[in-house]
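[1] okay, here's the prediction I keep looking at, along with the sequence it came from:
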Amino acid sequence: MAARHIVDQQLVVHLYAPTDGPAAEAAYRRLHEVWAGCRHAFAMTEAIPGTGLPSHLPETLGELIGAGSGQERAVAGQEHRGAVDQAVLRLHHDVLCLSVGLAPARPETGTWWARTDLRWRELVGSAGPSLLGQAMVYGARLDGPVSASAEEGQQARLLLPARAEAADWWQRGCLLPDGVAMWEITPQEDSRDLRRLLCAVPEPDDAQLSAWIWSDGGTAIPPLARYLLHAAKLRYLLRVWERDRHAGRGRVDLGALADRLRSLAKEPGPADAELLKSVLGQLDRLHQDGLESAMFGASLKELRLTAEIALSNMAKVVAAESVPDHCDLVADDRAVGGWLLDQIGTDLRYLDLDSGRARQVADLGAAVAPPARVQARPAPTAKDDDPDARRRVFVVHGRDEAVLEQMFEFLTAIGLLPMPWEALVAKTGKPMPHLSEVISRAVAVCQATVVLLTPDDQVSLHSSLHRTTDDPAHREPGMQARPNVLIELGLALGALPDRTLIVKAGRMREIADLAGLNFVQLDAGPDCRRKLANRLKLAGCAVDTSGERWLAEKWFTGLDAYRRGQ
């Protein structure tokens, strides 16, 4: 077979950023910087004709989320007039995808890839900790049919930028049904946040290449970018697991504590009082360990569910595009996902064993060192000499920024201090704490927890699980609070039920496990505000209702949450 030669080069980059979680705001600022950088470095100053998309991004993530409807939509687009360089920002459920397409004005066969790769790295650098990942796709047109052969891969390798690469990657190409040949170039480190791929087509088939890596002529996310989005989420979850896997380990030596308790159970000696004091301190820490372990276990389960969803979504793209199972990219992602699920399952089993041992030691402690032997201790709270201790409130919330903003303003109006997320992160003393550590600290330093249940997620029971006894309404899609809100609600109730207030905004599907719990139904009337203030007083908060503003203002008026839940 005659050797094939590259007759044109392109570069497409996809950056993936979360729209919720502690890194969301920083990630959006990063995308904003890249968008502005494209305007300067690649002269993308014009809107893309025929799309109706603005050429400027919303200033904040909240503005972007609230600027339109639809879980998958293009948000903005810009291009270099007279050239083919373009950038498009798309919202895909809970992820933003910034796609940048670069191509020479005339077909290039020399060092264009290397020069453009350098310009891109000077603009962007690494993905950074706030982003989910980055994918760089080098597009090539060859002067004849492609077969994903090693020879074709080696031809491209001579022109690609000299960067870290997987051994013999050019021998592991795969040919897709639409005639696109594909290789992954990057070293196959499981937690990698950068993917570099080569995609090649015969010279006349540029439309197939564009439809796979960039656009089929519309603004929808292309199949490869969709697949890599879910793969980026999966590998981000792996990095989170690697960072936090020891966060749920208890600080108390259970064996040593059990020995001390057995010693106390014997005939008291002269050192009994001092030993009792030490044991009680360790039992307090054991209780705190139990709370943190419960939070960590809930986080692990959420991590597992999110990984399962990512794997399922990747499989849907593979099936829809008939990508071969032996494709190196797909096989490696599937293996990493399976391994991560196995590891999370193992962690959960060990966590369950540790929790069982801790409960046994706690039961022994209750028998040996009951409350009668010591002065009653108050529930954990902020320091008594802290003037703001009874004013701080931890607010658990979902995606609805409008409800959150008005709740913060109302709490401030009645003299309280609603704690923003970053302030609670600072309370942990760590730059990158685990979610369970932040929540545990929030419960400890705040007088009360307000849980905002807003109808954010549309959910339904899978048809294969329907029963004849089901309420017919439960078979149809309904609205529900986001999973993280429900998990944090359960943790708050488990830690300090008397200082937890549930507030519902709008109608949503009832949750059986919360049946019987009293809550405040949010509305714009003064009775609702009085009820909120009174409940927070009962929780021990230093509520100040001496002024008029908290009743005079039109709080909680015209919220979208009221309409979404109808």
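    Received it, and whenever you're ready, just let me know what you need.
[2] what about the closest residue to F42 other than its chain neighbours, neighbour count?
    In space, F42 comes closest to D85 once its chain neighbours are excluded; the distance is 4.9 Å by CB to CB, 6 or more residues apart in numbering. No exception for glycine: its C-beta is placed from N, CA and C like everyone else's. The burial metric for D85, expressed as a neighbour count using other CB atoms under 10 Å, is 22.
[3] all the strands of the stretch 151-300 of the chain, in order from the start?
    Taking DSSP state E, counting those that start in this stretch as the criterion, the stretch 151-300 of the chain contains strands spanning 174-175, 181-184, 194-202.
[4] partners of the shortest one, with directions?
    It refers to strand 174-175. With DSSP bridges as the test, strand 174-175 is paired with strand 181-184 (antiparallel).
[5] got the contact list for the strand it pairs with?
    When contacts are defined by CB atoms under 8 Å, 6 or more residues apart in numbering, strand 181-184 is touched by residues 146-148, 152-153, 156, 166, 169-170, 172-176, 195-201, 327-329, 332.
[6] hang on, the earlier thing: I'd say the residue nearest to F42 and S99 touch.
    No - using CB atoms under 8 Å as the test, D85 is too far from S99 to be in contact (11.8 Å).
[7] CA atoms only: put stretch 162-179 into PDB for me.
    Taking Å, rounded to 0.1, in the frame of the first residue of the first chain, the C-alpha atoms of stretch 162-179 are listed here in PDB:
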ATOM      1  CA  ALA A 162       7.100  16.900  21.000                       C
ATOM      2  CA  ARG A 163       5.300  16.300  24.300                       C
ATOM      3  CA  ALA A 164       4.900  13.400  26.600                       C
ATOM      4  CA  GLU A 165       3.300  10.400  24.800                       C
ATOM      5  CA  ALA A 166       2.200   6.800  25.400                       C
ATOM      6  CA  ALA A 167       4.600   4.200  24.300                       C
ATOM      7  CA  ASP A 168       3.800   2.900  20.700                       C
ATOM      8  CA  TRP A 169       0.500   4.800  20.700                       C
ATOM      9  CA  TRP A 170       0.600   4.800  16.900                       C
ATOM     10  CA  GLN A 171       0.100   1.100  16.900                       C
ATOM     11  CA  ARG A 172      -3.200   1.300  18.700                       C
ATOM     12  CA  GLY A 173      -5.400   3.200  16.300                       C
ATOM     13  CA  CYS A 174      -9.100   2.300  15.600                       C
ATOM     14  CA  LEU A 175     -11.200   3.000  12.600                       C
ATOM     15  CA  LEU A 176     -14.700   4.300  13.200                       C
ATOM     16  CA  PRO A 177     -17.700   3.400  11.000                       C
ATOM     17  CA  ASP A 178     -17.800   6.900   9.500                       C
ATOM     18  CA  GLY A 179     -14.300   6.500   8.200                       C
END
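[8] switch the strands of the stretch 151-300 of the chain over to TSV; also include distance to E108 and mean pLDDT.
    Supplementary listing: the strands of the stretch 151-300 of the chain in TSV, determined by distance: least, CB to CB, whole Å; pLDDT from 0 to 100:
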stretch	distance to E108	mean pLDDT
strand 174-175	24	96
strand 181-184	19	98
strand 194-202	14	97
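[9] in CSV, list these along with distance to H92 and mean neighbour count.
    Converted to CSV, these look like this (distance: least, CB to CB, whole Å; neighbours: other CB atoms under 10 Å):
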stretch, distance to H92, mean neighbour count
strand 174-175, 25, 18
strand 181-184, 21, 24
strand 194-202, 17, 22
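[10] could I get those strands as JSON lines with distance to R475?
    JSON lines is the format used below for the strands of the stretch 151-300 of the chain (distance: least, CB to CB, whole Å):
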{"stretch": "strand 174-175", "distance to R475": "41"}
{"stretch": "strand 181-184", "distance to R475": "41"}
{"stretch": "strand 194-202", "distance to R475": "40"}
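[11] per-domain residue ranges of the protein.
    6-222, 245-373, 392-564 (automatic domain parsing).
[12] which among these is found nearest to H230?
    Comparing the domains of the chain against H230 with CB to CB, the closest turns out to be domain 245-373 (4.4 Å).
[13] could I get the longest strand along the chain in CSV with only the CA atoms?
    If each strand of the chain is counted by residues according to DSSP state E, the longest one is strand 6-18. As requested, C-alpha coordinates have been extracted for strand 6-18 and formatted as CSV (Å, rounded to 0.1, in the frame of the first residue of the first chain):
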residue,chain,number,x,y,z
ILE,A,6,-0.9,14.5,5.6
VAL,A,7,-2.2,17.4,3.5
ASP,A,8,-3.9,19.5,6.1
GLN,A,9,-3.9,20.0,9.9
GLN,A,10,-6.5,21.3,12.5
LEU,A,11,-6.6,21.6,16.3
VAL,A,12,-9.8,21.4,18.4
VAL,A,13,-9.7,21.8,22.2
HIS,A,14,-12.4,21.1,24.6
LEU,A,15,-12.3,22.4,28.2
TYR,A,16,-14.7,21.0,30.8
ALA,A,17,-15.9,22.8,33.9
PRO,A,18,-18.4,22.0,36.6
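[14] same for it, what does it pack against?
    Under the contact criterion of 3 or more CB pairs under 8 Å, 6 or more residues apart in numbering; DSSP states H and E, strand 6-18 touches helix 24-41, strand 95-102, helix 112-124, strand 133-142, helix 206-213, helix 223-244.
[15] buried residues in that strand, which are they?
    Applying a neighbour-count criterion of 16 or more other CB atoms under 10 Å, one finds I6, D8, Q9, Q10, L11, V12, V13, H14, L15, Y16, A17, P18 buried in strand 6-18.
[16] nearest residue to the fourth one other than its sequence neighbours?
    Spelled out, that is Q10. Counting by CB to CB, 6+ apart, Q10 lies nearest to G139, which is 3.5 Å off, once chain neighbours are set aside.
[17] how about D400?
    Nearest residue to D400, sequence neighbours excluded (CB to CB, 6+ apart): T454, at 4.1 Å.
[18] got it, and G558?
    If the residues on either side of it in the chain are set aside, G558 comes closest to A524, at 7.8 Å by CB to CB, 6+ apart.
[19] repeat that for R399.
    The shortest distance from R399 to any residue that is not its chain neighbour, by CB to CB, 6+ apart, is 4.7 Å, and that residue is D456.
[20] ditto for M314
    Of all residues apart from its sequence neighbours, H230 sits closest to M314 (CB to CB, 6+ apart), at 4.6 Å.
[21] what about that neighbour, distance to D94?
    Taking CB to CB, to the nearest Å as the measure, H230 and D94 are separated by 11 Å.
[22] the more surrounded of these two?
    Each of H230 and D94 had its neighbours counted (other CB under 10 Å), and the higher figure belongs to H230 (23 against 16).
[23] lowest-confidence helix or strand of the chain?
    Sorted by mean pLDDT, DSSP states H and E, the helices and strands of the chain end with helix 254-265, the least confident at a mean of 63.
[24] contacting residues around T306?
    T306 neighbours (CB under 8 Å, 6+ apart): K233, L237.
[25] and the next helix or strand past the helix or strand where it lies?
    Mapping T306 onto the secondary structure by DSSP states H and E places it in helix 272-320. The first helix or strand that comes after helix 272-320 along the chain, using DSSP H and E, is helix 328-368.
[26] show me the contacts for V201.
    Contacts here follow CB under 8 Å, 6+ apart; on that basis V201 touches A140, R141, L142, V146, G179, V180, A181, Q208, L209.
[27] ok, the buried residues of strand 6-18 vs V336, which is closest?
    Y16 (16.3 Å).
[28] hey, what's the closest one bridged with?
    Beta-bridge partners recorded for Y16 (DSSP bridges): C97, G133.
[29] and the gap between it and L229?
    Distance of Y16 to L229, given as CB to CB: 6 Å.
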